[in-house]
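> 3D, please:
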Amino acid sequence: MTVEWAVALILGLATLLAWVRLCLWHSRAAATGQAASVRLALLMLLQPVVSVLLYCALFPPMMNGGATSLRIATAGTSRLAVAADGAPLILLPEAPAIGGGEAAPDLATALRRHPGVTAIHVLGDGLGPRDVDAARQVSVRFDPPPLRAGIVDLAPPPGVAAGGRFMVGGTLAGLDNATIELIDPAGRLTDSGAADRDGHFRLAGTARAAGAVSFTLRVRKDKRLIEQADVPVWVTESARPKLLILAGAPGPEVKYLRRWASDAGFDVTTQMSAGGGIALGDAPVALDAAGLRRFDVAIVDDRAWAGMRGPLIAAVRGGLGLVLRAGGAIDGATRSQWQALGFGLSGPGGLMPLALPKAAEEAVARTRHGIGSDDAPVDMALPEDIAPDVSRLGLTPGDDGAVPLLEDAGGATLGAWRAIGLGRVALFTGIDSYALTLTGRRDLYGDWWQALLTAVARPAPSSQIVPGIAWADERMALCDIGSDAVVETADGVWTKLVPVAGCGGFWPAKAGWHRLRVKEDIRPFHVQARDALPAMRAARDRQAMAMLSATSRDAPTMAIATGSSGSAWPFWVGWLAASALLWWLERSRIGRHAALHPVRQ
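Okay, here's the model as predicted:
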């Protein structure tokens with residue numbers, strides 16, 4: 001029961017008791033001849049009048065005549081939209097300084113100031129998360145503006161082990177032929193590329209030391225910087241992934257593969273057969289089930305595969321990642337064995353030329369000058385390292401259960417993988433891929449092998465990083481945290497969360513890395529600057545408003561109120577006058593008849 005109903009019930013009961021008292025008085029006064037019907041009627045009429053006036057003074061009734069719709073100016077509102085005549089204009093904090101409207105800290109406050117509003121027209125980019133809940137109470141009209149040019153979506157890596165490689169994805173809008181660059185914390189160009197026809201892009205980077213770092217994403221067009229954003233990367237302290245390289249004979253492919261893998265953060269063990277029972281490479285390891293269990297991924301050529309097929313398949317079923325490569329044209333037995341793993345291997349066989357994609361000038365320059373992810377100088381072409389043409393097997397590894405992984409510029413599949421038990425096995429059909437490092441294509445060489453190893457390697461334990469993009473001065477909801485979670489801000493101050501619909505509400509004041517502590521678990525998350533990624537924020541608000549407008553059209557409108565609250569002073573004056581009149585009438589002699597006294601004899 002509300003307070004209004006409780007007070008109304010008490011006043012009604014008081015009026016009823018007053019009527020009973022007046023009726024009893026009238027019955028007694030009738031016996032003495034003092035009763036007057038007019039006096040009784042006036043007194044009984046004034047009782048409910050006093051009660052009603054007191055109730056209206058305590059709870060003034062709503063007055064009609066207020067606005068039923070509002071125009072809400074948000075970020076990106078143009079002056080032309082504001083200049084149009086229409087409903088009263090509300091300026092939210094993120095709206096530009098256009099003037100001519102009523103400033104409000106949020107939509108909920110604006111609706112409380114205008115209780116009769118049942119519909120709003122949202123101008124600009126749309127309402128943010130702060131105002132979406134309040135907008136559900138009214139009918140919403142939103143005409144989405146065109147998408148801003150810039151980064152409309154960004155997907156940072158969820159977490160990466162120290163020395164590991166990660167991918168950054170995103171989407172551009174309105175920026176054809178733009179170049180996207182990924183810069184590491186030291187200011188070095190890690191990767192660059194262009195978006196596809198739909199605006200999607202992917203860039204690769206390599207994590208160094210463990211901890212919280214921020215890479216930089218730059219979008220350039222015609223050598224002009226269009227937009228720049230931080231890419232948060234949480235690098236976990238974990239053991240370097242263990243890589244085993246098995247080869248049936250020494251060769252330059254193993255040499256360059258070992259060098260690249262060591263620079264990429266792998267703990268590499270190499271075993272090569274020189275014939276006659278002589279093994280070259282690192283200290284011998286037991287190539288049985290127990291020995292292979294120590295490794296996370298293995299690269300095996302066709303000659304080594306012939307003598308290790310059984311233990312390797314058993315190790316893959318237990319979780320080992322395996323990459324099979326060919327040192328040249330393979331025989332029928334090896335082809336049948338690889339087909340038995342689930343790879344179709346259709347094609348004429350033998351060796352075929354491989355179509356290399358065109359190299360970006362920046363990538364070639366980095367490779368030739370030793371600037372890149374591995375920071376290693378380019379080798380001189382020694383006689384034993386004369387670069388051959390990179391070729392491929394004339395076999396395409398494909399089947400219903402195989403996932404294509406690599407393609408050349410002509411569309412031919414170079415690599416594919418499939419799951420076997422708890423592990424994965426990949427097949428790479430490139431021949432003499434090491435030649436890429438000698439011809440200015442070290443970037444492509446690293447991309448190929450990183451993709452192969454990442455696809456099949458035994459996964460490392462994932463970090464508990466909070467997903468999503470957050471901005472400073474904007475509320476974010478942290479869920480699945482319990483009741484005792486706290487957040488360490490970028491300034492090192494611990495703060496409690498505000499309970500919000502089963503989650504915890506947090507308003508970051510500054511950009512930077514924060515840490516969410518849930519009991520003994522630490523979950524890091526990054527907060528972007530308030531003015532960072534404006535196109536992405538606009539696209540997010542635009543999508544949320546489109547969903548809200550669709551809901552408003554399908555659902556009946558819920559009005560907050562039907563009018564504005566009136567003034568209470570007239571009702572207090574009326575109540576005081578009616579109470580004074582009632583008091584005076586009860587004590588006056590008006591309407592009373594003289595008492596009838598018996599005549600004495």
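> domain parsing for the protein?
Per automatic domain parsing, the structural domains of the chain span 3-61+568-587, 69-147+536-564, 157-238, 242-456, 470-532.
> how about the helices in the stretch 351-500 of the chain?
According to DSSP state H, counting those that start in this stretch, the stretch 351-500 of the chain carries its helices in the segments 361-368, 435-438, 442-456.
> please disregard the earlier target; I meant the chain.
Taking DSSP state H as the criterion, the chain contains helices spanning 3-32, 37-58, 79-83, 107-113, 129-135, 252-263, 289-292, 302-317, 332-340, 361-368, 435-438, 442-456, 534-554, 569-587.
> just name the most buried of the ones you listed.
With neighbours taken as mean count of other CB atoms under 10 Å, the helices of the chain reach their highest mean count in helix 435-438, at a mean of 23. Where C-beta positions appear, they are placed from N, C-alpha and C, glycine not excepted.
> quick check: which of the helices of the chain is nearest to residue 527?
Smallest distance to residue 527 across the helices of the chain (CB to CB): 13.2 Å, for helix 534-554.
> mean confidence (pLDDT) on that closest one, please.
The predicted model assigns helix 534-554 a mean pLDDT of 79.
> what's the closest non-adjacent residue to residue 51?
Excluding the flanking residues, the one nearest residue 51 by CB to CB, 6 or more residues apart in numbering is residue 11, at 4.2 Å.
> ok, now how distant is the one you found from residue 240?
Here residue 11 is placed at a distance of 80 Å from residue 240 (CB to CB, to the nearest Å).
> kindly report the same for residue 357.
Shown here: residue 357 relative to residue 240, a distance of 30 Å by CB to CB.
> which one of the two is surrounded by more residues?
Regarding residue 357 and residue 240, a neighbour count based on other CB atoms under 10 Å identifies residue 240 as having more, with 17 against 11.
> could you find the closest non-adjacent residue to that one?
Nearest-residue entry for residue 240: residue 267, 4.2 Å, with adjacent residues in sequence omitted and distances by CB to CB, 6+ apart.
> tell me the bridge partners for that neighbour.
For residue 267, the beta-bridge partners are residue 242 (DSSP bridges).
> let's have the helices of the stretch 351-500 of the chain in CSV, adding distance to residue 15 and mean pLDDT.
Compiled in CSV, the helices of the stretch 351-500 of the chain are given as follows (distance: least, CB to CB, whole Å; pLDDT from 0 to 100):
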stretch, distance to residue 15, mean pLDDT
helix 361-368, 88, 46
helix 435-438, 96, 88
helix 442-456, 81, 89
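> pLDDT at the nearest residue to residue 529 once chain neighbours are set aside, what is it?
The spatial neighbour of residue 529 that comes closest, neighbours along the chain excluded (CB to CB, 6+ apart), is residue 511 at 4.1 Å. You'll see residue 511 listed with a pLDDT of 91.
> what's around residue 511, how many residues?
Going by other CB under 10 Å, the residues that sit close to residue 511 add up to 20.
> OK, contacts around it?
Residues in contact with residue 511, defined by CB atoms under 8 Å, 6 or more residues apart in numbering, are 230, 472, 490, 527, 528, 529, 530, 532.
> tally of neighbours for the last one?
What that stands for is residue 532. Taking other CB under 10 Å as the criterion, the count of residues near residue 532 is 19.
> I'd say the residue nearest to residue 51 and residue 49 touch.
No. Taking CB atoms under 8 Å as the definition, residue 11 is not a contact partner of residue 49, at 11.4 Å.
> how near is the residue nearest to residue 529 to residue 183?
Separation of residue 511 from residue 183 (CB to CB) stands at 18 Å.
> which ones are touching residue 543?
So, once contact is read as CB under 8 Å, 6+ apart, residue 543 ends up touching nothing.
> who wins for proximity to residue 464 among the domains of the chain?
Among the domains of the chain, domain 470-532 comes nearest to residue 464, with 4.5 Å by CB to CB.
> what about the closest one, distance to the chain center?
From the chain centre to the centre of domain 470-532 is a distance of 14 Å (CA atoms, centre = their mean, to the nearest Å).
> state the distance from residue 310 to residue 329.
With the distance defined as CB to CB, residue 310 ends up 24 Å from residue 329.
> and for residue 451?
24 Å.
> what do you get for residue 475?
Noted for residue 475: a distance of 63 Å to residue 329, by CB to CB.
> with residue 491 instead?
Using CB to CB, we find residue 491 at a distance of 63 Å from residue 329.
> how deep is residue 209 tucked in, by neighbour count?
When neighbours are counted by other CB under 10 Å, residue 209 registers 10.
> got the contact list for it?
Listed by CB under 8 Å, 6+ apart, the contact partners of residue 209 are 162, 235.
> on that earlier part again, between the helices of the chain, which gets the lowest average pLDDT?
Among those, helix 361-368 scores lowest, at a mean of 46.
> give me the phi and psi for the spatially most central residue of the chain.
Averaging the C-alpha coordinates of the chain gives a centre point, and the residue nearest to it by CA atoms, centre = their mean is residue 468 (2.9 Å). Dihedral angles phi and psi of residue 468 (degrees, to the nearest 10) take the values phi 100, psi 170.
> residue 425 is in contact with residue 341, correct?
Yes. Between residue 341 and residue 425 there is a contact at 5.9 Å, judged by CB under 8 Å.
> and for those two, which residues touch both?
residue 418.
> okay, these two: which has more neighbours?
In this comparison of residue 341 against residue 425, neighbours counted by other CB under 10 Å, the higher total goes to residue 425 at 27 against 20.
> would you confirm that that one contacts residue 324?
Yes. Contact between residue 425 and residue 324 holds when scored by CB under 8 Å: they sit 6.7 Å apart.
> so what's the nearest residue to residue 586 once chain neighbours are set aside up against?
Among residues not flanking residue 586 along the chain, residue 43 sits closest, at 6.6 Å (CB to CB, 6+ apart). For residue 43, the contacting residues are 22, 582, 585, 586, taking CB under 8 Å, 6+ apart as the criterion.
> tell me the buried residues in stretch 454-474?
Residues 454-458, 460, 463, 465-466, 469-472, 474 are the ones in stretch 454-474 that count as buried (16 or more other CB atoms under 10 Å).
> correction: the previous question concerned stretch 516-532.
Neighbour counts using 16+ other CB under 10 Å place 516, 518, 523, 524, 525, 526, 527, 528, 530, 532 of stretch 516-532 among the buried residues.
> which sections of the stretch 201-350 of the chain are below the confidence cut-off?
Judged by pLDDT under 70, the stretch 201-350 of the chain has its weakly predicted residues at 238, 276-277.
> any buried residues in stretch 268-285, and which?
When burial is assessed from 16+ other CB under 10 Å, stretch 268-285 yields the following buried residues: 268, 269, 270, 271, 272, 273, 281.
> which secondary structure elements does the top strand by length along the chain sit against?
In the chain, taking DSSP state E as the definition, the longest strand is strand 224-236. Contact analysis of strand 224-236 by 3 or more CB pairs under 8 Å, 6 or more residues apart in numbering; DSSP states H and E lists strand 150-155, strand 160-161, strand 211-221, strand 521-528 as its packing neighbours.
> could I get the ones you listed as a markdown table with distance to residue 334?
Below are these laid out as a markdown table (distance: least, CB to CB, whole Å):
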| stretch | distance to residue 334 |
| --- | --- |
| strand 150-155 | 39 |
| strand 160-161 | 34 |
| strand 211-221 | 42 |
| strand 521-528 | 47 |
